[in-house]
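Engineer: Curious how this folds, go ahead:
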Amino acid sequence: MKILARQLTLDMYNCERLKDIEGIKNTLRGVVGYEPDLYAENIDENHCAVIGAFSEGHIALHVYSELKYVAADIFTCTDSEEPEEIAKAIRKYFKPDKIKSTFLKRGDFGLDKEIKPKIKVRVAPLRRVRNKVVGVISEGLRNNK
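Structural biologist: You can find the predicted model right below:
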C-alpha cells in the first residue's frame, strides 16, 4: 500500500552545541540540500524552537539547553525523501548520548495492525561502559561497608 508521508521523531538526551542557533539553522539547511524557510525563536532562556518548512515536508526542533535535550520532528511527504538521512545529520550535529526514535507511516491506509509506530532506543557505547563502571564501583563500596 502506498503511503502519503513518513514522520520520524527523535528524543535526544545529553546533547552538545545547544545554544548555537545559527549552527542549528545551517545544519538544517545543509541536510535538506537547499534553503528551507527557517524560523527560530527563543521561548525562554533555556528553550528554543527552530522550524524549517520546505516543499516536501518540515523539520521542527525544540532545544532545551538546561536539560541538554532536543526533541526533533521530521516529516517528509515524498517517496524520494528519507527522514532517517535527515536524522543522521541532526544526530551528528548534537552528538547525543541517548536517542529514542519513533517512525510513523502517515496516510497509510493499510491494515489497523500496521498503524503501531516502530520505536528504537540507542545509547552511545562509551556512555554504556561508563554507567556500568559506576555501577560496579558503587556496588563494591556498598559491599565494603
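Engineer: From here on, just use CA atoms for contacts and neighbour counts.
Structural biologist: Fine.
Engineer: helices or strands next to the host helix or strand of Glu41 in the packing?
Structural biologist: Glu41 is part of strand 37-44 when elements are defined by DSSP states H and E. Here strand 37-44 touches strand 47-54, going by 3 or more Cα pairs under 8 Å, 6 or more residues apart in numbering; DSSP states H and E.
Engineer: Not counting the strand it packs on itself, show me its contacts.
Structural biologist: Identification of contacts with strand 47-54 by Cα atoms under 8 Å, 6 or more residues apart in numbering yields 25, 28, 36-43, 58-65.
Engineer: got the CA coordinates for that strand in CSV?
Structural biologist: Output of strand 47-54 as CSV, limited to C-alpha atoms (Å, rounded to 0.1, in the frame of the first residue of the first chain):
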residue,chain,number,x,y,z
HIS,A,47,14.1,26.7,25.4
CYS,A,48,14.4,27.5,21.7
ALA,A,49,12.3,26.3,18.8
VAL,A,50,13.6,26.0,15.2
ILE,A,51,11.1,25.2,12.4
GLY,A,52,12.1,24.6,8.8
ALA,A,53,9.4,24.3,6.1
PHE,A,54,10.2,23.0,2.6
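Engineer: Now do the next helix or strand after that strand and strand 47-54, the angle between them.
Structural biologist: Downstream of strand 47-54, the first helix or strand assigned by DSSP H and E is strand 57-64. Strand 57-64 runs at 170 degrees relative to strand 47-54, counting by axes from the mean of the first three to the mean of the last three Cα atoms, to 10 degrees.
Engineer: Listing partners with orientation, what would you give for strand 57-64?
Structural biologist: strand 47-54 (antiparallel), strand 69-76 (antiparallel) (DSSP bridges).
Engineer: what does the last one contact?
Structural biologist: By Cα under 8 Å, 6+ apart, the residues outside strand 69-76 that reach it are 5-15, 56-64, 82-83, 86-87.
Engineer: show me the contacts for Cys15.
Structural biologist: Shown in contact with Cys15 (Cα under 8 Å, 6+ apart): 68-70, 94-97.
Engineer: Many thanks, have a good one.
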